[in-house]
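A.B. asks: please work out how this folds:
(one chain, ligands or ions: 1)
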Amino acid sequence: MEKQSLNAANCDTESVTASSLNSVSFCSSSTVSVSGSDNSVSSSNISSSSGSGSASNAVEAKNKNGDCVVQYSEGGESGKSSLSGGTCDANEASFRSSSCLSKPHKGNDMKWDAVQCVKNKDGDLGLNHFRLLKKLGCGDIGSVYLAELREMGCLFAMKVMDKGMLAGRKKLMRAQTEREILGLLDHPFLPTLYSHFETDKFSCLLMEFCSGGDLHTLRQRQPGKHFSEYATRFYASEVLLALEYLHMMGVVYRDLKPENVLVREDGHIMLSDFDLSLRCFVNPTLVRSSEDPACRISAYCIQPSCIIDPACKLPVCVEPSCLQPSCFKPRFLNSKSKTSKVKSEKTSLANYSDSLPVLIVEPTSARSMSFVGTHEYLAPEIIRGDGHGSAVDWWTFGIFMYELLLGRTPFKGNGNRETLFNVVGQPLKFPEGSSVSFAAKDLIRGLLVKDPQKRLGFKRGATEIKQHPFFESVNWALIRSTHPPEIPKPIDLTLLNHTSKSSMPQNNKGASDSDRSSGPYLDFEFF
Ligand SMILES: Nc1ncnc2c1ncn2[C@@H]1O[C@H](COP(=O)(O)OP(=O)(O)OP(=O)(O)O)[C@@H](O)[C@H]1O
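C.D. replies: Prediction:
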């Protein structure tokens with residue numbers, strides 16, 4: 001499936017060469033971006049938490065010189081790519097920055113240590129600290145490389161953006177927005193930003209590397225080029241949790257599509273690419289108390305200690321880990337009711353959910369006039385120019401589910417113009433004879449309502465969608481322990497290094513000192 005943009009250009013799929021870093025290539029874009037007025041939070045209000053941290057579980061030992069040696073074993077449990085060790089001072093290894101402490105989910109990661117060791121030794125990061133092993137892809141504002149931190153031997157995805165190009169194409173704000181949002185994130189299904197650094201020519205984001213490719217590519221490999229209902233439920237439920245978290249943090253994602261859902265080495269997902277996202281105000285609220293006396297006091301509470309700055313009205317004040325369910329309910333449906341019809345399930349579900357407290361994390365007042373997204377995924381209100389808010393993410397979630405289940409998007413026409421026309425004017429149809437279940441169709445119909453105010457998720461966000469019978473079997477609290485439909489093959493680093501070394505060029509002309517890697521890896525043709 002091609003998802004073209006109004007200003008589409010071919011993506012440069014070349015390999016890593018000196019020239020490719022001297023002049024980073026940009027594809028553009030399967031996305032549309034025409035800025036209007038966003039009521040987004042001004043960038044100066046937000047502090048990026050990209051920085052440093054440490055890992056309490058990093059394995060430390062003393063070498064002959066008495067220095068602390070930090071050993072890394074990437075993907076340790078599954079025995080995947082094992083990496084070499086790095087050396088740093090013991091004090092450095094135990095360094096914990098405030099940004100790391102504010103990341104209860106992802107702060108406990110040995111890569112923070114590795115980055116901090118290098119920073120403490122050399123001041124700041126530069127391209128010379130990395131070997132760029134492979135070009136992973138390119139987007140509208142930069143190229144992404146698989147990068148190995150020298151000495152430490154750990155892998156990152158590095159997004160390299162040409163500052164001149166960003167300024168020339170008026171993309172500086174998009175790059176800034178992406179960086180700020182990445183800096184806020186701390187969620188198992190969203191990327192970690194370990195650091196950001198600048199050279200004379202480039203702005204570089206150092207992110208978590210996802211080795212399993214994207215869901216678009218994975219879908220092409222499925223029988224019939226679509227996922228089973230089981231696999232769709234798995235991927236959709238993880239994406240839903242990521243969107244819920246983003247909305248709680250005051251981020252409307254706006255660019256959901258299978259190409260932006262990456263697969264981690266453990267088969268779980270990571271939502272990527274935030275340069276089209278909108279930052280806005282949100283006020284997570286508990287709107288209803290439970291009737292159950294055991295839960296009446298506080299079914300969910302926001303821990304006071306988690307409120308970083310009580311004067312702050314931004315959503316970043318409330319960390320997701322601060323929301324503590326204080327009581328548990330029995331499962332909604334017993335085995336007997338499972339056999340009953342979906343309609344009665346929905347009724348029971350509605351009754352049951354009525355008795356639960358409802359935490360609304362939806363930035364319902366967010367408003368933007370920008371024309372952003374991917375044609376087949378654009379919500380009708382964006383095309384009509386009505387102004388849009390967080391409900392666009394629930395529209396794209398519906399298109400996403402349709403595509404995973406049926407192998408194509410529902411409103412695709414012959415060309416972008418027809419696609420846009422179909423989105424606004426054509427009714428949603430499912431192909432006759434498709435094996436898609438009633439529950440899945442019902443959910444997609446609820447999401448693909450053209451009037452955003454009548455769309456599922458408009459009022460109560462992800463809470464509303466999670467309660468739909470399609471997700472009845474999902475244990476939301478333990479989703480990270482669910483076995484993924486597919487585990488990617490581990491990448492063979494030995495092969496990667498061998499190939500790169502054998503392709504070393506003789507010289508390295510072209511890059512300025514600050515932009516050039518000290519090693520040969522920038523120069524090889526990987527593919
Ligand atoms: N953390 C990552 N791990 C592995 N691969 C990644 C990672 N981030 C991005 N990629 C790859 O690099 C490609 C380019 O990513 P990038 O986010 O720059 O642009 P994009 O998703 O193509 O879209 P856009 O033009 O909207 O920025 C992606 O398609 C993906 O395949």
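
A.B. asks: pLDDT below threshold where in the stretch 351-500 of the chain?
C.D. replies: Residues of the stretch 351-500 of the chain meeting the criterion pLDDT under 70: 351-356, 372, 493-500.

A.B. asks: residue boundaries of the strands in it?
C.D. replies: Assigned by DSSP state E, counting those that start in this stretch, the stretch 351-500 of the chain shows strands spanning 359-360, 371-373.

A.B. asks: JSON lines for the ones you listed, including mean neighbour count and distance to the ligand?
C.D. replies: To be clear about C-beta, it is placed using only N, CA and C from the backbone, and glycine gets the same treatment. Compiled in JSON lines, these are given as follows (neighbours: other Cβ atoms under 10 Å; distance: least, Cβ to the nearest ligand atom, whole Å):
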{"stretch": "strand 359-360", "mean neighbour count": "22", "distance to the ligand": "29"}
{"stretch": "strand 371-373", "mean neighbour count": "22", "distance to the ligand": "9"}
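
A.B. asks: now these as CSV including distance to H226?
C.D. replies: Output for the strands of the stretch 351-500 of the chain, formatted as CSV (distance: least, Cβ to Cβ, whole Å):
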stretch, distance to H226
strand 359-360, 33
strand 371-373, 22
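
A.B. asks: and of those, who's closest to W476?
C.D. replies: Closest to W476 of the strands of the stretch 351-500 of the chain, according to Cβ to Cβ: strand 359-360, at 12.5 Å.

A.B. asks: run through who's touching the closest one.
C.D. replies: By Cβ atoms under 8 Å, 6 or more residues apart in numbering, the surrounding residues in contact with strand 359-360 are 284-287, 300, 323, 459-461, 463.

A.B. asks: of all the strands of the stretch 351-500 of the chain, which one is nearest R131?
C.D. replies: Using Cβ to Cβ as the measure, strand 371-373 is the one of the strands of the stretch 351-500 of the chain that comes nearest R131, at 34.7 Å.

A.B. asks: just give the closest residue to the residue in the stretch 401-527 of the chain that the ligand sits nearest to, not the sequence neighbours.
C.D. replies: Nearest residue of the stretch 401-527 of the chain to the ligand, counting by Cβ to the nearest ligand atom: I491, 10.6 Å away. Spatial nearest neighbour of I491, excluding adjacent residues (Cβ to Cβ, 6 or more residues apart in numbering): S211 at 5.1 Å.

A.B. asks: need the pLDDT of that neighbour.
C.D. replies: As predicted, S211 sits at a pLDDT of 94.

A.B. asks: pretty sure it contacts I487?
C.D. replies: No: the pair S211 / I487 is not scored as a contact, 10.6 Å apart, by Cβ atoms under 8 Å.

A.B. asks: show me what contacts S277?
C.D. replies: Going by Cβ under 8 Å, 6+ apart, S277 touches 177-178, 181, 246, 251-255.

A.B. asks: how far away is L404 from F156?
C.D. replies: The spacing between L404 and F156, counted by Cβ to Cβ, to the nearest Å, is 28 Å.

A.B. asks: look at these two and report which has more neighbours.
C.D. replies: Neighbour count, other Cβ atoms under 10 Å: between L404 and F156, L404 has more, with 27 against 23.

A.B. asks: would you mind measuring from the more buried one to G373?
C.D. replies: For L404, the distance to G373 equals 18 Å [Cβ to Cβ].

A.B. asks: what of H247?
C.D. replies: 17 Å.

A.B. asks: residue of this structure closest to the ligand, please.
C.D. replies: Proximity of the chain to the ligand (Cβ to the nearest ligand atom) peaks at G139, 2.1 Å away.

A.B. asks: what's the burial count for that residue?
C.D. replies: G139: 22 neighbours (other Cβ under 10 Å).

A.B. asks: which element, helix or strand, includes A114?
C.D. replies: Per DSSP states H and E: A114 is located in helix 110-122.

A.B. asks: so what secondary structure elements neighbour that helix?
C.D. replies: Helices and strands touching helix 110-122, by 3 or more Cβ pairs under 8 Å, 6 or more residues apart in numbering; DSSP states H and E, are strand 68-71, strand 86-88, helix 90-93, strand 143-149, strand 154-162, strand 193-198.

A.B. asks: quick check: angle from that helix to strand 154-162?
C.D. replies: Inter-element angle recorded for helix 110-122 and strand 154-162: 70 degrees (by axes from the mean of the first three to the mean of the last three Cα atoms, to 10 degrees).

A.B. asks: partners of the following helix or strand past helix 110-122 in the sheet?
C.D. replies: Going down the chain from helix 110-122, the next helix or strand is strand 130-138, by DSSP H and E. Strand 130-138 sits in its sheet next to strand 143-149 (antiparallel), going by DSSP bridges.

A.B. asks: G373 against N260, yeah?
C.D. replies: No: using Cβ under 8 Å as the test, G373 is too far from N260 to be in contact (11.1 Å).

A.B. asks: OK, contacts around V282?
C.D. replies: By Cβ under 8 Å, 6+ apart, the residues touching V282 are 247-250, 315, 361-363, 366.

A.B. asks: which residues do S211 and I487 both contact?
C.D. replies: Jointly contacting S211 and I487 under the rule Cβ under 8 Å, 6+ apart are E265.

A.B. asks: in terms of neighbours, single out the busier of the two.
C.D. replies: More crowded of S211 and I487, by other Cβ under 10 Å: S211, with 21 against 15.

A.B. asks: residue contacts, the more buried one?
C.D. replies: Counting by Cβ under 8 Å, 6+ apart, S211 touches 263-265, 488, 490-491.

A.B. asks: select only the buried ones of these in ChimeraX?
C.D. replies: Buried residues among the contacts of S211 (16 or more other Cβ atoms under 10 Å), as a ChimeraX selection:
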select :263,264,265,488,491
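
A.B. asks: closest to N128 out of the contacts of S211?
C.D. replies: Of those, the one sitting nearest to N128 (Cβ to Cβ) turns out to be I491, at 23.8 Å.

A.B. asks: do you know how far the closest one is from L262?
C.D. replies: Counting by Cβ to Cβ, the gap from I491 to L262 is 14 Å.

A.B. asks: any idea how far E229 is from A242?
C.D. replies: Distance, E229 to A242, by Cβ to Cβ: 20 Å.

A.B. asks: of those two, give the one with the bigger neighbour count.
C.D. replies: Set E229 next to A242 and count neighbours by other Cβ under 10 Å: A242 wins out with 22 against 16.

A.B. asks: could you look up the SS state of that one?
C.D. replies: helix (DSSP: H, G, I helix; E, B strand; the rest coil).

A.B. asks: so it touches L271, yeah?
C.D. replies: Yes: between A242 and L271 there is a contact at 4.5 Å, judged by Cβ under 8 Å.

A.B. asks: shared neighbours, the two?
C.D. replies: Shared contacts of A242 and L271, counting by Cβ under 8 Å, 6+ apart, come down to 189-190.

A.B. asks: interface residues of the protein facing the ligand?
C.D. replies: Contact residues, the chain versus the ligand (Cβ under 6 Å from any ligand atom): 29, 31, 136-142, 144, 157, 159, 191, 207-210, 214, 259-260, 262, 272-273, 275.

A.B. asks: rerun that using 8 Å as the cut-off
C.D. replies: Contact residues, the chain versus the ligand (Cβ under 8 Å from any ligand atom): 11, 26-31, 136-144, 146, 157, 159, 178, 191, 207-211, 213-214, 255, 259-260, 262, 270, 272-273, 275-276.
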